[in-house]
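Fold the following, please.
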Amino acid sequence: MTAGQSVIAPRTAFWVIAVGTVSFACAMLLTIFSDRLGPGTTAGANAYSRSAIGHRALADTLRHLGIPVVVSRHESAARAAGGALLIVAEPDPGQSASGAIDDVLAAADTVLMVLPKWQARRSRTDPRWVEAVSPLPTDTAERVLRTVLDTGTVVRLPAGPAWQAYGLEGAFAPGVDAQLIQSPALKALVAIDGGILVGETRSPSGQRIVVVSDPDILSNHGLGRGDNAAIVVALIEELRPPGGPVIFDEVLHGFQRRPSVWQRLFELPLVVPTGLAVIAIAVLLWSTTGRYGAPAPVEAPLRAGKADLIANAADVLAIGGHGREILQRYLAATIRTVAADLNAPRGLDDRALVRWIDAVGTRRGVRHGIAALHRDVDAVSAAPRFDPTAALRIAGRLHRWKKEMTDGP
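From the prediction side, this is the model:
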């Protein structure tokens, strides 16, 4: 490899850097946002689901009415503490055995609990929908009920028209078989003779907990039947603290997302300084891609030698604007040098000396006389604006004239 030759061609280096940068950026984006991509294809009973048993329609309805909605995937109880309504809708029954439901309910002041009812088989053609549903055993719903009530059973009865509402106006329309709660520890808000559809209780720590026994009144397929939407929204508005948000817990559905500093950097307000930092790094990388390998050696500002000394002196004189004086002095010095070489008579004034030198030049066959060169020097020096190019041409003619006078034409 010869000196100065790059190890890698600049074009190859550019593409290596570009591909590496894009790959790194894609890896970072997948790391940061991958956990946000999954819930879009769920068909279960959660706030992301568009299927019949999902709750997305309720969340969208509340947003449309101007109610703040948060679909929480971490620290739901902490978010709901002090000024929010926590909705725990159809949690996974297996979470009750592990105590996860108790952990979510621990810090919330007001909770709307919806018992599970259906198990579904996802569609094989569209993962957002369900292909078939079947009822869960009632003891599955009872396990969830035990997290808020010490006593109580869950039954399913044919839905009748004689609903008794206590503080909630309208006509509920559950599914074919209404899922109800039978418990003396639950204060009925909506009930029939066979059990309670919506009831209220207080935890030992003073939490207000409202239990909805049948999810059909607020799921995607049932929210539009009868007065279900109006009654459910009225119930949520009555439970929600003034101005507070409604928080749908999705941790109990398996959508937990642990907080990450990388995710925070790409969310408001930190996304603004993050974007500026990314732009600054991109500009830095772009500015450094112009070379590859060791930097070229920097020449010394001043070099040794007569030629460099003369060049530097000429630059200084040119910057100072002394071109006219330099040309006049060069003319006078040239005449004195020629006069000395020709042994000119002493005592001659300038004009007489010029005539004597021109006479000698004529005898020697020199084509140009010093008188004509003198006139050209005077013309350039008297011009309003000094022309360095014309001055250099005259200086060259003066030098040639001196050589012809001293060495012969």
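
thought Thr110 was touching Val88?
No: look at Thr110 against Val88 with C-beta atoms under 8 Å: they stay out of range, at 11.4 Å. Just so you know, the C-beta spots here come from the backbone N, C-alpha and C atoms, and that holds for glycine as well.

Looking at the two, which has the bigger crowd around it?
Between Thr110 and Val88, counted using other C-beta atoms under 10 Å, Val88 has the larger neighbour count: 30 against 18.

The more buried one contacts Leu252, doesn't it?
Yes: in this structure, Val88 is within contact of Leu252 by C-beta under 8 Å, at 6.5 Å.

any common contacting residues for these two?
Each of Ile101, Val104 lies in contact with both Val88 and Leu252 under the rule C-beta atoms under 8 Å, 6 or more residues apart in numbering.

neighbours around Ser49, how many?
Using other C-beta under 10 Å: Ser49 sits among 25 other residues.

And the closest residue in space to it that isn't next to it in sequence, how far from Pro273?
Residue nearest to Ser49 in three dimensions, not counting chain neighbours: Thr42, with 5.1 Å by C-beta to C-beta, 6 or more residues apart in numbering. Look at Thr42 and Pro273: by C-beta to C-beta, to the nearest Å, they are 34 Å apart.

Trp401 too?
73 Å.

So these two - more neighbours on which side?
Taking neighbours as other C-beta under 10 Å, Trp401 and Pro273 compare with Trp401 leading, 23 against 10.

Where does the prediction get shaky in the stretch 301-409 of the chain?
301-304, 310, 313-318, 320, 409 (pLDDT under 70).

all strands of it, in order?
Taking DSSP state E, counting those that start in this stretch, the stretch 301-409 of the chain contains no strands at all.

cool, and the stretch 151-300 of the chain?
Counting by DSSP E, counting those that start in this stretch, the strands of the stretch 151-300 of the chain are 153-158, 164-165, 177-182, 187-192, 195-202, 208-212, 246-249.

Deepest in the core, which of these is it.
strand 246-249 (a mean of 25; mean count of other C-beta atoms under 10 Å).

and it, what's its mean pLDDT?
Mean per-residue pLDDT for strand 246-249: 91.

Show me what that strand is packed against.
strand 69-72, helix 76-80, strand 85-89 (3 or more C-beta pairs under 8 Å, 6 or more residues apart in numbering; DSSP states H and E).

Would you mind pulling the contact partners of it?
46-47, 55, 59, 62, 67-72, 76, 79-80, 84-89, 91, 104, 236, 240.

Report the buried members of those residues.
46-47, 55, 59, 62, 67, 69-72, 76, 79-80, 84-89, 91, 104, 236, 240 (16 or more other C-beta atoms under 10 Å).

And the helices in the stretch 101-250 of the chain, which stretches?
138-145, 228-239 (DSSP state H, counting those that start in this stretch).

For those, give me JSON lines that also has distance to Arg122.
Putting those into JSON lines (distance: least, C-beta to C-beta, whole Å) gives the following:
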{"stretch": "helix 138-145", "distance to Arg122": "19"}
{"stretch": "helix 228-239", "distance to Arg122": "25"}
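
Of those, which is nearest Gly222?
Of all the helices of the stretch 101-250 of the chain, helix 228-239 sits nearest to Gly222, with 5.9 Å by C-beta to C-beta.

In that closest one, which of the residues would be classed as buried?
For helix 228-239, by 16+ other C-beta under 10 Å, it's Asn228, Ala229, Ile231, Val232, Val233, Leu235, Ile236, Leu239.

In terms of distance to Ala188, which of those ranks first?
Distances from Ala188 to the buried residues of helix 228-239, taken by C-beta to C-beta, are shortest for Leu235, at 13.4 Å.

Which residues are in contact with that closest one?
Neighbours of Leu235 in contact, by C-beta under 8 Å, 6+ apart: Leu112, Leu168, Leu189, Val198, Val210.

wouldn't Leu157 be in contact with Ala191 here?
No: judged on C-beta under 8 Å, Leu157 makes no contact with Ala191 at a distance of 11.5 Å.

Please enumerate the shared neighbours of those two.
If you check Leu157 and Ala191 against C-beta under 8 Å, 6+ apart, the residues they both contact are Leu180.
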